[in-house]
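Visitor: Please work out how this folds:
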Amino acid sequence: MKTAEKYGKKASLALNLWVKLARASSTFNKLTTDNIRTFGLTEPQFAVLECLGHLGSMKLSVLSKKMLVSGGNITCVVDNLENEGLVERIPSKEDRRAILVRLTPIGEKKFGEIFIKHAEYITSVSSVLDEKEQEMLAALLKQLGLSLQEMHLGKVK
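Guide: Numbering: from 1, shown residues only. Below you'll find the predicted structure:
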């Protein structure tokens, strides 16, 4: 029995979307994670370098929110990057209680070297879709993501 016959056309369509989205996301994530590992970094380490490289120094709590990870996890990731000389903790000039994290000169150099390579890799992987298709897919995924966030927060019934 076909899914549509068993659950209805709408459910069949939604289930089909879910499976294809999950498979594409999983494959895309595996490819990008493998690429990040070629730089000698974990995905969270790369994300910290990327955040700091593009946005500049910030508090651990802000970094944690941007990366959607817990404070304990971000502390461990930053500790490891600090041990490698890629980031450093500095006191905030505005708030004596706050500690900021920033890239060291070595971290800035590494970020400059690896991010362009990662961007080129993402461009290559994404090239299976033309530019218009990439724009359309990005817009649809943004719409889906924002709508699902609202549903999750109970704003949509």
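
Visitor: Going by C-alpha atoms from here, please, whenever you check contacts or count neighbours.
Guide: Fine.

Visitor: Next, the buried residues of the top helix by length along the chain.
Guide: For the chain, the helix that runs over the most residues, judged by DSSP state H, is helix 9-37. Buried residues in helix 9-37, counted by 16 or more other CA atoms under 10 Å: Ser12, Thr32, Asn35, Ile36.

Visitor: for it, the distance to its chain's centre please.
Guide: 15 Å (CA atoms, centre = their mean, to the nearest Å).

Visitor: if we can go back for a sec, identify the farthest-apart pair in the buried residues of helix 9-37.
Guide: Ser12 and Ile36 (35.8 Å; CA to CA).

Visitor: quick one on the thing from earlier: packing partners for the longest helix of the chain?
Guide: Helices and strands touching helix 9-37, by 3 or more CA pairs under 8 Å, 6 or more residues apart in numbering; DSSP states H and E, are helix 3-7, helix 43-55, helix 105-126.

Visitor: quick one: buried residues of the longest one?
Guide: Okay, so that is helix 105-126. Within helix 105-126, the residues scored as buried using 16+ other CA under 10 Å are Gly107, Glu108, Lys110, Phe111, Ile114, Phe115, His118, Tyr121.

Visitor: Out of the helices and strands packed on helix 9-37, which gets nearest to Gly154?
Guide: Closest among these, once you apply CA to CA, is helix 3-7, at 25.8 Å.

Visitor: Quick check: mean pLDDT of the closest one?
Guide: Average pLDDT, helix 3-7: 71.

Visitor: which stretch in the helices and strands packed on helix 9-37 has the least confidence?
Guide: When I compare those, helix 3-7 is least confident, with a mean of 71.

Visitor: For Ser92, give me the backbone phi and psi.
Guide: phi -70, psi 140 (degrees, to the nearest 10).

Visitor: Tell me the pLDDT of it.
Guide: 83.

Visitor: need the contact list for it.
Guide: Going by CA atoms under 8 Å, 6 or more residues apart in numbering, Ser92 touches Ala98, Ile99, Leu100.

Visitor: export those to JSON lines and tack on distance to Asp79, pLDDT and secondary structure?
Guide: Below are these laid out as JSON lines (distance: CA to CA, whole Å; pLDDT from 0 to 100; DSSP: H, G, I helix; E, B strand; the rest coil):
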{"residue": "Ala98", "distance to Asp79": "16", "pLDDT": "86", "secondary structure": "coil"}
{"residue": "Ile99", "distance to Asp79": "13", "pLDDT": "88", "secondary structure": "strand"}
{"residue": "Leu100", "distance to Asp79": "13", "pLDDT": "93", "secondary structure": "strand"}
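
Visitor: Okay then, goodbye and thanks.
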